[in-house]
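*Asks:* here is the input, now give the coordinates:
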Amino acid sequence: MKADVSKFEGCLLGLAIGDALGMPFEGWRPAWIRSKLGGRVQDMLPCPDRNLGKGQWTDDTKMALHLCRSIIRKKGKFDPADAAASYVEWFESGDLRGIGRATLESIMRLRQGKPWSESGKTGEFAAGNGSAMRAAPIGLLNCMDMEALKRNSRDDAVITHNNPEAVAGSRAVNFFVARGVTQAGPAAARPHLIDECIAFIGPCQVAQRLARAKELLAENMPCSTALNILGASGFVVETVASAVFCFLKTPDNFEESVVSAVMGGEDADTTAAVCGAISGAWNGTWKLPKRWVDTVEASEELRSIAGQLMDFSGAML
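*Replies:* Numbering: from 1, shown residues only. So this is what the prediction gives:
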């Protein structure tokens, strides 16, 4: 029997919803968000300063969408050269909605003729979350082939972020996405998954911070406190651990998970986008709040793309 398409839809819609919820609060401190709202995030809001309306998302979802389009253009294959060309197409469209420095520099090198394997930023400052935020389509495509997932996560990451931690972050996100769409439901989402993820990605700072997230889950730490410890900046080590913590804290409650991710502040849209992709993959569309599914930009297109990725994946239950 074919896999449940709602899980593939839930992943892409969850990514977009988390991104749109966090969009107005990118760069904000948690206390500022609470003061502005008089509490917690309830619904999507516009951001006039960024010329973005209610339900619109940022470069996180833009890049994921262009990765999806590349996969579809290649009839279900991940081709890093074509993915790189798709990211250049996004840049040249002018509809950027934010772009990280590492991504910008890498796209400039691609436009100058550098091959995808040499375009990515290297060094310490290439350990941003710009590849992890867009990685989920590979987790969907390769959900039945973890070796292909590992390889393709790496090849996509190095297009813009040629750094071992960035690669590990993309692999970790896709590990959780793949496990989600191949499980019957969120009942299997337990902290032991962190150990399995660490074994999958190998020794690195991402793994160490994930291990810390597991410890905080065992202590029943509130999300607000845990994210202050784990971090919510654009450093991929922080983003992945905080997103996974928010998901595993309330694995069957998509709304609570993504709202908690937004309330962590700092790179709020990306933490929530990664958390939303993971939670959506485990819970499926029917557990996403309908008001958000109806409001988020390009909802129908994301659903259509999700169905195509499911067909290409060969996923079975």
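
*Asks:* tell me the pLDDT at the residue nearest the centre of the chain?
*Replies:* Per CA atoms, centre = their mean, the C-alpha nearest to the average position across the chain is that of V274, at 2.9 Å. For V274, the pLDDT comes out at 98.

*Asks:* distance check, it against S304.
*Replies:* Counting by CB to CB, to the nearest Å, the gap from V274 to S304 is 23 Å. Placement of C-beta: from N, CA and C, glycine included.

*Asks:* do the same with E105
*Replies:* 33 Å.

*Asks:* show me the strands in the chain, by range?
*Replies:* 121-122, 161-162 (DSSP state E).

*Asks:* from those strands, which stretch is densest packed?
*Replies:* strand 161-162 (a mean of 25; mean count of other CB atoms under 10 Å).

*Asks:* got a list of what the residue nearest to the centre of the chain touches?
*Replies:* L15, G18, N129, A132, M133, V173, T239, V240, A243, A261 (CB atoms under 8 Å, 6 or more residues apart in numbering).

*Asks:* go on, T239?
*Replies:* T239 neighbours (CB under 8 Å, 6+ apart): N129, A132, M133, G169, A232, S233, D267, T270, T271, V274.

*Asks:* for R291, grab the count of nearby residues.
*Replies:* Around R291 there are 12 other residues, counting by other CB atoms under 10 Å.

*Asks:* now it: how far from I33?
*Replies:* With distances taken as CB to CB, R291 is found 20 Å from I33.

*Asks:* again, but for K77
*Replies:* 41 Å.

*Asks:* my read: G276 touches I17, true?
*Replies:* Yes - between G276 and I17 there is a contact under CB atoms under 8 Å: 5.3 Å.

*Asks:* who's more crowded, K77 and I33?
*Replies:* I33 (20 against 14).

*Asks:* could you find the closest non-adjacent residue to that one?
*Replies:* Once flanking residues are discounted, I33 sits nearest to F25: 5.2 Å by CB to CB, 6 or more residues apart in numbering.

*Asks:* so who does the one you found touch?
*Replies:* Here F25 is in contact with W32, I33, K36, V41, V262, G265, A268, D269 (criterion: CB under 8 Å, 6+ apart).

*Asks:* phi, psi of the residue lying closest to L149 once chain neighbours are set aside?
*Replies:* Once flanking residues are discounted, L149 sits nearest to N142: 3.7 Å by CB to CB, 6+ apart. With angles defined as degrees, to the nearest 10, N142 sits at phi -110, psi 30.
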